[in-house]
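> please work out how this folds:
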Amino acid sequence: MTEVSATSTRAFRICVQFFSDGECFAVETFIIDLPEGHDPQAAAEGLADHSVYHDERVPDLSRTIEITSPDSDDPGPPPASGGGPTPV
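Sure, this is the predicted structure:
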């Protein structure tokens, strides 16, 4: 019989807003499971970097990333916060 080790994971909701010249033009939301100890911010940035909306041709491209629990009561996209979008 083969033993299978159970790896503990944690779920995260990642909401990425993309901006052009300060105006939001797209929002993507992902639900991901990460093994304990993995960095959700790094995973979120990787998802944002590989998004179809991450296009260097977009003028003044920037984004915000919000990471929450998928059990959050707020199903809508978060408002832009944290001092504004981060340039890409």
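> just for this protein, where's the confidence low?
For the chain, the stretches with pLDDT under 70 are 1-6, 72-84.
> quick one: buried residues of the helix or strand hosting R10?
Per DSSP states H and E, R10 falls inside strand 9-20. By 16 or more other C-beta atoms under 10 Å, the buried positions in strand 9-20 come out as F12, R13, I14, C15, V16, Q17, F18, F19, S20. Any C-beta I mention is one placed from the backbone N, CA and C, and that applies to glycine too.
> all helices for this protein, in order.
40-49 (DSSP state H).
> got the residue ranges for the strands in it?
9-20, 23-35, 61-68, 86-87 (DSSP state E).
> if we can go back for a sec, who does the strand holding R10 touch, helix- and strand-wise?
strand 23-35, helix 40-49, strand 61-68 (3 or more C-beta pairs under 8 Å, 6 or more residues apart in numbering; DSSP states H and E).
> quick one, it and helix 40-49 angle?
Following axes from the mean of the first three to the mean of the last three C-alpha atoms, to 10 degrees, one obtains 40 degrees for the angle between strand 9-20 and helix 40-49.
> give me the angle between strand 9-20 and strand 61-68.
Using the same axes, to 10 degrees: strand 9-20 against strand 61-68 is 150 degrees.
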